[in-house]
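J.: how does the following fold in three dimensions:
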Amino acid sequence: MDILSLIGLLVGFGAIIGGQYLEGGHIDTIMNAVALLIVLGGTLGAVMLQTPLGTFLRSVRILGWVFVPPKISAEATLDRILEWNQVARKEGLMRLESIAMDEEDLFSQKGLQLIADGAEPELIREIMEADLDIQESNDLACAKVYDAMGGYSPTIGIIGAVLGLIHVMGNLADPSSLGAGIAVAFVATIYGVALANLFFLPIGNKLKSIITYRSRVQMMLIEGLISVADGDNPRNIESRLQAYLS
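T.: Numbering: from 1, shown residues only. Next comes the predicted model:
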């Protein structure tokens with residue numbers, strides 16, 4: 001659990017709601033289901049229109065990474081690389097095939113299988129880097145879905161406010177209801193701006209940081225697999241990969 005994400009979410013929305021309360025306002029004045037429907041519905045509709053189905057569905061699936069990131073550790077990956085190297089030096093590269101079958105990480109599994117199959121180091125690098133580039137590109141496209149939502153929601157909020165004002169203008173014969181009506185109209189703007197800056201954009205940036213870190217660890221994994229295939233000394237491997245731990 002990424003406790004900082006949870007705290008950030010609570011602090012962000014809590015500050016706005018708490019500020020409204022401390023200023024003497026009522027919480028129910030910023031609660032409006034219709035305004036929320038306009039902002040969320042319009043934002044989702046715009047994003048669905050611009051995003052391929054596969055990318056949109058995956059963006060929904062990786063949303064959980066914000067609070068429960070993938071279990072990726074550069075330190076643990078380095079330990080695994082050194083362990084594989086030791087096995088390869090003692091028992092031969094073919095022994096890595098059985099290790100690959102038990103490996104849960106598909107990226108690692110593919111690299112180990114390539115080594116066991118006797119692929120040349122440069123071919124291993126070429127294949128693995130191509131897979132990494134495609135994976136990173138796809139994941140970043142999913143993160144950008146939330147960037148797009150952060151761009152659309154403030155504008156959709158303004159549309160909601162204008163719709164509310166149109167409704168108010170249609171009831172000018174009743175001056176006593178104008179103030180409350182205008183206040184409700186601008187709730188949509190609050191929703192649009194708040195969701196963009198406290199939810200959508202931070203989520204997009206958090207996902208991009210997670211994806212970048214994972215790609216760095218996988219790049220380290222590629223370098224480690226190449227070293228294993230070359231039969232490098234464990235100390236040389238550790239020294240070469242230490243830079244990825246910083």
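J.: and stretch 227-243, how far from the chain's centre?
T.: The chain centroid and the centroid of stretch 227-243 are separated by 31 Å, computed with CA atoms, centre = their mean, to the nearest Å.
J.: next one: stretch 57-64
T.: Relative to the chain's own centre, stretch 57-64 is displaced by 8 Å; criterion: CA atoms, centre = their mean.
J.: quick check: phi and psi on the residue sitting nearest the centre point of the chain?
T.: The centroid of the chain falls nearest to L207 when counting by CA atoms, centre = their mean (2.1 Å). Main-chain torsions, L207, degrees, to the nearest 10: phi -60, psi -40.
J.: who's in contact with it?
T.: By CB atoms under 8 Å, 6 or more residues apart in numbering, the contact set of L207 is 62, 65-66, 139, 142-143, 146. Backbone N, C-alpha and C define where each C-beta goes, glycine included.
J.: does T155 touch L195 like I think?
T.: No - the criterion here is CB atoms under 8 Å, and T155 misses it with L195 at 11.9 Å.
J.: who has more neighbours out of these two?
T.: Taking neighbours as other CB atoms under 10 Å, T155 and L195 compare with L195 leading, 22 against 15.
J.: what is the burial count for the nearest residue to that one once chain neighbours are set aside?
T.: Using CB to CB, 6 or more residues apart in numbering and skipping residues adjacent in sequence, the residue nearest L195 is S153, 4.9 Å away. Residues near S153, counting by other CB under 10 Å, number 27.
J.: secondary structure element for S153, which one?
T.: Here S153 sits within helix 121-169, counting by DSSP states H and E.
J.: what about that helix, average pLDDT?
T.: The predicted model assigns helix 121-169 a mean pLDDT of 92.
J.: check stretch 218-228 too.
T.: The average pLDDT within stretch 218-228 is 92.
J.: domain parsing for this protein?
T.: Split into domains by automatic domain parsing, the chain comes to 1-31, 33-245.
J.: worst mean pLDDT among those domains?
T.: Looking at these, the bottom one is domain 1-31 with a mean of 81.
J.: would you map the helices across the protein?
T.: Under the criterion DSSP state H, helices of the chain are mapped to 3-22, 33-50, 53-61, 74-91, 96-102, 106-116, 121-169, 178-195, 201-230, 234-241.
J.: no further questions, thank you.
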